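Student: heads up, no residue letters with this:
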């Protein structure tokens, strides 16, 4: 158990819908990262927040957004979902950038 | 931009044989390098990391990796494979700001008895 908690573990939704994935980082970790894992794209970095502020953006679509709240939990919002958004979404956390990053078990999103 | 290339998407070994998973990196600055393992239906677990200290890094489960600047490589090895090592392995490099890990495409390790 890495200490990073993600909910829900599995989610099935229809095209065009919007979903929110939630992440609770390890106790004491200020950095939260979101990654998308799919068969064709592999592990893609989406976005990084540090203590509530966005620090880095990767290959995140405009339909996707994220935020980190004062209690340090984070949410990834996915809207206008397409079939191609079906993937495993990982949240990860670290004390701060350049420290070891710990991954949650992921949220499986299936868009039908 | 930093990147890693994992050579071989699939490696098969026999139980007790040497495991060698290859990773080459591209970085204009001294890199931080990592190996993660992903077991089926699980998240990623850190095996080991290189942060410019010793070039030979020992990790969990008997794995180790050697940083070779001249070859821009960070290959993962284990002297004797166990059935439980069957998983997907990812090499990663930290970006220059240290704000993200950039992953390779992964290598699936199969171990046969």
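Tutor: Perfect, I can see it now. Source: prediction; values computed, not measured.
Student: Not counting sequence-adjacent ones, nearest residue to the residue nearest to the spatial centre of chain A?
Tutor: Nearest to the mean C-alpha position of chain A, by Cα atoms, centre = their mean, lies residue A:34 at 3.4 Å. Spatial nearest neighbour of residue A:34, excluding adjacent residues (Cβ to Cβ, 6 or more residues apart in numbering or on different chains): residue A:46 at 4.2 Å. (Glycine included, C-beta is placed from N, CA and C.)
Student: what's near enough to touch the residue nearest to the centre of chain A?
Tutor: Residues in contact with residue A:34 (Cβ atoms under 8 Å, 6 or more residues apart in numbering or on different chains) are A:23, A:45-48, A:60, A:66, A:74, A:76, A:89-92.
Student: isn't there a strand covering it?
Tutor: Yes - if the criterion is DSSP: H, G, I helix; E, B strand; the rest coil, then residue A:34 is within a strand.
Student: what is it paired to in the beta sheet?
Tutor: Per DSSP bridges, the residues bridged to residue A:34 are residue A:47, residue A:91.
Student: gap between it and chain B?
Tutor: Taking Cβ to the nearest Cβ, to the nearest Å as the measure, residue A:34 falls 10 Å from chain B.
Student: roughly how far out does stretch B:5-15 sit from the chain middle?
Tutor: Here stretch B:5-15 is found 11 Å from its chain centre; the criterion is Cα atoms, centre = their mean, to the nearest Å.
Student: any bit of it sitting next to chain A?
Tutor: No - no part of stretch B:5-15 sits near chain A under the criterion Cβ under 8 Å from any Cβ of the partner chain; the closest distance found is 9.8 Å.
Student: Let me have the contacts of residue A:34 in a markdown table, extended by distance to residue B:109 and pLDDT.
Tutor: Converted to a markdown table, these look like this (distance: Cβ to Cβ, whole Å; pLDDT from 0 to 100):
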| residue | distance to residue B:109 | pLDDT |
| --- | --- | --- |
| A:23 | 28 | 98 |
| A:45 | 23 | 93 |
| A:46 | 27 | 96 |
| A:47 | 30 | 96 |
| A:48 | 29 | 95 |
| A:60 | 30 | 93 |
| A:66 | 32 | 97 |
| A:74 | 32 | 98 |
| A:76 | 30 | 98 |
| A:89 | 24 | 97 |
| A:90 | 20 | 97 |
| A:91 | 25 | 97 |
| A:92 | 22 | 96 |
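Student: can you give me the helices in chain B?
Tutor: Here chain B has no helices by DSSP state H.
Student: who in it is up against chain A?
Tutor: Close to chain A, as judged by Cβ under 8 Å from any Cβ, chain B has residues B:32, B:36, B:42-46, B:49, B:90, B:94-95, B:97-106.
Student: buried subset of those residues?
Tutor: Buried subset of the residues of chain B next to chain A (neighbour count, 16 or more other Cβ atoms under 10 Å in any protein chain shown): B:32, B:36, B:43-46, B:49, B:90, B:94-95, B:98-104, B:106.
Student: one step back: now for the residue nearest to residue A:34: which residues touch it?
Tutor: Here residue A:46 is in contact with A:33, A:34, A:35, A:36, A:57, A:58, A:59, A:60, A:64, A:66, A:76 (criterion: Cβ under 8 Å, 6+ apart).
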